[in-house]
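Participant: Fold the following.
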Amino acid sequence: MLHHRYLYLTGLPCSGMFFVSQLLAQHPEIHSNSWRSPLCDLLLNFRDFLTTNPELINQLNQDFQGTMERSLLGMRGFINGWSEPISQPWIVDFHPQWLEHLELVHLIDPDFKMVVFVRELSQIYGAIETQHQQTLLLDFPEKLASLSRAERAQQLFIPPGIIGSGLKALEQIQDLEMSLQERLFFVVYEHLMTNPQEVLTELFTWLNLQPITPNLTLINFELSNYSQSFGKYVEEPYNPHQPLVNYPLPKRFETTIQQNFTWFYQTFYPGLL
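Facilitator: The predicted structure follows:
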């Protein structure tokens, strides 16, 4: 088994993951370095290696159950070695794709807890498009800069687009057994930005940890501009003295988004329909 308790942060882009990771870092029992973790990618590469490597395929043919058990122990052993120097009992690991691989997470870490971030969809697109207009000299990792705004929106909202992949994983949660669904804690961006203390207290209660009052002046949003995103998917800074940013979009964009993802609005934003 894993030597630490893991709290996986995941969900839609520009929805508060980075902000919460820094809030959690102020708790004495939680380690959170506010960097996107390579752990998800490493485990997926491990699975791909297990599936395609000729020597491992031969091992599976000779001793399927034993090879599967050793592979699972190997994945857990890597995670334990990776986190060995950390003294706190809880570790925050954030990556936007964790939700897509929830069943793999459960196999490796049966005691997992996962925080899923959501935000009104037109505002996610508005945040990304606004950031793109401020960084026109750079392309997206997915090479979307040369597309029209409507084409770019379409690519973002369909899998494997960064919004579409998260939405697909969210929609499939309803098909999972309740024992897995109960391990998910949902954070709605608008609630988080208007009352972070309330959201954090609810989260600590869910984790059976003593709540704290975080120092919001210690949050550093400059760290969210990591090069992997090419500066396109960064979060807006939290400012308690200003209202939530509202990105105006063409009405046809908003209508199309709500029509295509009615289930999302029925679940998280029923008042907007």
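Participant: Tell me how far the helix or strand containing N45 lies from the chain's centre.
Facilitator: For N45, the host element (DSSP states H and E) is helix 39-52. Computed by CA atoms, centre = their mean, to the nearest Å, the chain-centroid distance of helix 39-52 equals 19 Å.
Participant: what packs against the helix or strand following it?
Facilitator: In the C-terminal direction, the helix or strand that comes right after helix 39-52 (DSSP H and E) is helix 54-62. Judged by 3 or more CB pairs under 8 Å, 6 or more residues apart in numbering; DSSP states H and E, helix 54-62 is in contact with helix 64-83. Using the backbone N, CA and C atoms, a C-beta is placed for each residue, glycine as well.
Participant: Who are the packing partners of the helix it packs on?
Facilitator: Other elements packing on helix 64-83 under the criterion 3+ CB pairs under 8 Å, 6+ apart are helix 39-52, helix 54-62, helix 102-108.
Participant: Pull out the buried positions in that helix.
Facilitator: For helix 64-83, burial by neighbour count (16 or more other CB atoms under 10 Å) applies to T67, S71, M75, R76, I79, W82, S83.
Participant: Please report the distance of the last one from I108.
Facilitator: Distance of S83 to I108, given as CB to CB, to the nearest Å: 13 Å.
Participant: sorry, back to before: please find the angle between the direction vectors of the helix holding N45 and helix 54-62.
Facilitator: Helix 39-52 and helix 54-62 are oriented at 70 degrees to each other (axes from the mean of the first three to the mean of the last three CA atoms, to 10 degrees).
Participant: can you list contacts of helix 39-52?
Facilitator: With contacts defined as CB atoms under 8 Å, 6 or more residues apart in numbering, helix 39-52 is touched by 56, 71, 74-75, 78-79, 82, 93, 95, 97-98, 101, 104, 108.
Participant: Which one of these is nearest to E236?
Facilitator: Proximity of the contacts of helix 39-52 to E236 (CB to CB) peaks at H95, which lies at 20.4 Å.
Participant: burial measure for that closest one, as a count.
Facilitator: H95: 18 surrounding residues under other CB atoms under 10 Å.
Participant: Quick check: it touching S37?
Facilitator: Yes: the pair formed by H95 and S37 meets the contact definition of CB atoms under 8 Å, at 5.4 Å.
Participant: Max pairwise distance over the buried residues of helix 64-83: which two?
Facilitator: T67 and S83 (25.1 Å).
Participant: For burial, what's the neighbour tally of the closest residue to D139 other than its chain neighbours?
Facilitator: Among residues not flanking D139 along the chain, A145 sits closest, at 4.2 Å (CB to CB, 6 or more residues apart in numbering). Counted with other CB under 10 Å, the neighbours of A145 add up to 15.
Participant: Save the buried residues of helix 64-83 as a markdown table, and put in distance to Q154 and pLDDT too.
Facilitator: Formatted as a markdown table, the buried residues of helix 64-83 follow (distance: CB to CB, whole Å; pLDDT from 0 to 100):
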| residue | distance to Q154 | pLDDT |
| --- | --- | --- |
| T67 | 43 | 95 |
| S71 | 39 | 95 |
| M75 | 36 | 95 |
| R76 | 40 | 97 |
| I79 | 37 | 96 |
| W82 | 38 | 94 |
| S83 | 40 | 94 |
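Participant: of all those residues, which comes closest to I212?
Facilitator: Nearest to I212 among those: S83, at 22.1 Å, using CB to CB.
Participant: mind listing what the closest one touches?
Facilitator: Here S83 is in contact with H3, H4, I91 (CB under 8 Å, 6+ apart).
Participant: got a winner among the residues you listed for most neighbours?
Facilitator: I91 (22 neighbours).
Participant: partner residues bridging that residue?
Facilitator: Note on I91: beta-bridge partners by DSSP bridges are Y6, H31.
Participant: just checking, M17 touches F117?
Facilitator: Yes: using CB under 8 Å, M17 is in contact with F117, at 5.2 Å.
Participant: No more questions from me, cheers.
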